[in-house]
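Asker: Next one to model:
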Amino acid sequence: MCGIVGYIGPKRVVPVIIEGLRKLEYRGYDSAGIAVVTKDGKLEIRRAAGKLRNLEEVIAKSPIEGTYGIGHTRWATHGRPTEENAHPHRDCSGQIVVVHNGIIENYLELKEQLQREGHKFVTETDTEIVAHLVEKHSANNTPLEEAVRKSLKELRGIYALVFLSAKEPMKIVAARLGPPSVIGIGNGEYFVASDIPALLEHTRDMFFLADGDIAVLTRDGVKVMDHDGRTVERPTQHVAWDPIMVEKGGYKHFMQKEIFEQPRAVRDTLLGRISQDTGKIFLDEMRISEQQFRTFENVRVVACGTSWHAGLAAKFMIERLARIPVEVDYGSEFRYRDPILDSKTLTVCISQSGETADTLAAQREAKLKGSPTVAICNVMGSMITREAAGTIPTHAGPEIGVASTKAFTAQLTALFLLAGYLGQVRGKVSSDCAIKLMQEITRIPHKMERVLQTDEKGVYENLARQLFRYSDFLYLGRGIHYPIALEGALKLKEISYIHAEGYPAGEMKHGPNALIDENLPVVVLATRDESDPDSMTRYEKSVSNIQEVKARDGIVITIATENDRLARAASDHIIELPPAPELLSPLLEIIPLQLLAYHIAVRRGCDVDQPRNLAKSVTVE
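Answerer: Next up, the predicted model:
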């Protein structure tokens, strides 16, 4: 969950690393540091607690220039977020430094052993022991990569590690076991980073290290070996992301920009995958045959956080369109309950980054038990896509705001395609139904744009002005709308620090009614699909929930379909959406909830893009 950047090349190293770290600050912002080797071979380090701007101030007061270097932004796991605990960390000689993303589980055991051997420690972190281990194995002029390779065999845990040594000019060594490490190939320059955005300004040619890889970067290129020193080949991929997509583009926050990018993200995720004429869905990145899809008897969905909410919505989509039972699990719980899986179970793994540690562990558990896995992911070439039997890429582009928005709607789109595909190949969706569904989903991006236009009229800003002082919110939904209620509540608590809870509307009488009074805003999802009798039934029952809340003096904010009468009459505030089929309504419903959370957080003066205690990509358990 930390940001790492390393560079070897002709450019001034400090600006390259600082700019790269700025692109990765969403991954960690408790402290930051940089290590460079100067032209006369001296190792210089600058560090600071807090956000990256504090490090920039330190460098401005005490400038450094170097020929190659590494940098880091930290999200604390071991040790307080202080300057002393900030990366990079040094060995006793001060010649070897390391930056680290991950957790060394046996660091106390190794620290005690190294202390007995005379090593002196100055921090509370688990990372510092790695620098001392490499120092120990560097005796007798052992090359840095060999010392790293020997050290890794003593570590237990997960890591993305990057090293340099002042004794070995123009060499950087990177190692991966768990958290992502991406290598960038430029024109006579080479990069290592923990995520793609750090590299886009310089190159789009890159590859991810696999678990167990060790990469050696020099002026002559990049070589990759495994833990036993055998050379391995990792093919370079050309990433289509535009560097401009990473910038704010005139918006106040990345989160705001990414909310408004959702129509484009949905269009791009659909691009080339559907036929409006025939209704057919094309999933080209599959190594699972249509025949195998027909034999699956159930589906397991595993994910974490926002992706888990997308998985809950997918349960309704898949069961409705493919008529196959679906279970949805938290990735963090999945492997610890000895799940019952076999080759007749399709496991769907959802991860924005493709490197979420818990979801990866769940994927490996499923594969171990014989279940084929499909990945829904925003980063092709990431670990989860490499290990899957098929992938449906979500072409959301880079998402910088920690609270996910466009990645979520892209995931919903990809999951709808999977549900429709399963329904088609299993003969559960007729040709006429398929054509209608594909025509409807192509209309969704335009409808999303209509929903976003209400923000420009100040609707959510005015709502936020009335609601931002409340300390608790309740979100209610029925059926496929319940996962959206959960996601709306998550967005509010993530960025505004207000306690919020999502609940199935039908459970109100079973406890939550006790909470309702004049100090509780209740957000109710009460959209309707007039062509669907079940949807109309849910809508009518949701209106009853609104009336229950009003009878107890609660404040009701309703998300409803255009030309609504019943919900409008009973609500304090109403936001209307264009009509849409029940299974596609979540793509529209989530936008008002994202905008409401965003404007409340801004009104409260919160750091919208980098909420406290959170980081973008959770690559450790």
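
Asker: Would you mind measuring from the residue of the chain positioned farthest from its centre to residue 146?
Answerer: Distance from the C-alpha centroid of the chain, by C-alpha atoms, centre = their mean, peaks at residue 140 (43.3 Å). Distance of residue 140 to residue 146, given as C-beta to C-beta, to the nearest Å: 10 Å. All C-beta atoms are positioned from the backbone trio N, CA, C, and that covers glycine.

Asker: show me where pLDDT drops low in this structure?
Answerer: 1, 26-29, 75-84, 242-246, 248-249, 615-621 (pLDDT under 70).

Asker: try 80
Answerer: 1-2, 25-30, 74-87, 124, 178-179, 240-250, 613-621 (pLDDT under 80).

Asker: Buried residues in stretch 406-424, which are they?
Answerer: 406-424 (16 or more other C-beta atoms under 10 Å).

Asker: Restricted to helices, list the residues you listed.
Answerer: 406-424 (DSSP state H).

Asker: what residues are up against the residue positioned nearest the centre of the chain?
Answerer: The centre of the chain sits closest to residue 352, judged by C-alpha atoms, centre = their mean, with a distance of 4.2 Å. Residues near residue 352 by C-beta atoms under 8 Å, 6 or more residues apart in numbering: 306-307, 377-379, 394, 396, 399, 404, 407, 411, 617.

Asker: just checking, which of those belong to helices?
Answerer: Mapping the contacts of residue 352 onto helices (DSSP H) picks out 306-307, 407, 411.

Asker: Quick one: the helices in the stretch 51-200 of the chain, in order.
Answerer: Ranges of helices in the stretch 51-200 of the chain, per DSSP state H, counting those that start in this stretch, are 52-61, 107-116, 128-137, 144-152.

Asker: What of the stretch 301-450 of the chain?
Answerer: 306-322, 331-334, 357-368, 383-387, 406-425, 431-456.

Asker: okay, those helices in TSV with distance to residue 20 next?
Answerer: Shown next, in TSV, are these (distance: least, C-beta to C-beta, whole Å):
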stretch	distance to residue 20
helix 306-322	26
helix 331-334	29
helix 357-368	23
helix 383-387	21
helix 406-425	21
helix 431-456	31
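
Asker: OK, contacts around the nearest residue to residue 392 once chain neighbours are set aside?
Answerer: Residue nearest to residue 392 in three dimensions, not counting chain neighbours: residue 414, with 4.3 Å by C-beta to C-beta, 6 or more residues apart in numbering. Residues counted as contacts of residue 414 (C-beta under 8 Å, 6+ apart) are 269, 376, 392-394.

Asker: Residue 414 and residue 352, how far apart?
Answerer: On the measure of C-beta to C-beta, residue 414 and residue 352 end up 11 Å apart.

Asker: cool, and residue 429?
Answerer: 28 Å.

Asker: In this structure residue 275 contacts residue 438, no?
Answerer: Yes. Assessed by C-beta atoms under 8 Å, residue 275 is found in contact with residue 438 at 6.8 Å.

Asker: Looking at these two now, which is surrounded by more residues?
Answerer: More crowded of residue 275 and residue 438, by other C-beta atoms under 10 Å: residue 438, with 21 against 12.

Asker: Test my guess that that one contacts residue 279.
Answerer: Yes. Taking C-beta under 8 Å as the definition, residue 438 is a contact partner of residue 279 at 4.9 Å.

Asker: What ranges does the stretch 501-621 of the chain have for its strands?
Answerer: According to DSSP state E, counting those that start in this stretch, the stretch 501-621 of the chain carries its strands in the segments 521-526, 555-561, 573-577.

Asker: so residue 299 is in which element?
Answerer: Assigned by DSSP states H and E, residue 299 belongs to strand 298-303.

Asker: Show the secondary-structure elements that that strand is packed against.
Answerer: Judged by 3 or more C-beta pairs under 8 Å, 6 or more residues apart in numbering; DSSP states H and E, the packing partners of strand 298-303 are helix 306-322, strand 326-330, helix 331-334, strand 345-351, helix 357-368.

Asker: Could you name the helices and strands sitting against the shortest one?
Answerer: If contacts are counted by 3+ C-beta pairs under 8 Å, 6+ apart, helix 331-334 sits against strand 298-303, helix 357-368.

Asker: Quick check: residue 328 touching residue 313?
Answerer: No. If you go by C-beta under 8 Å, residue 328 and residue 313 don't touch, sitting 9.3 Å apart.

Asker: So between those two, which is more surrounded?
Answerer: With neighbours defined as other C-beta under 10 Å, residue 328 and residue 313 compare such that residue 313 has more, 30 against 20.
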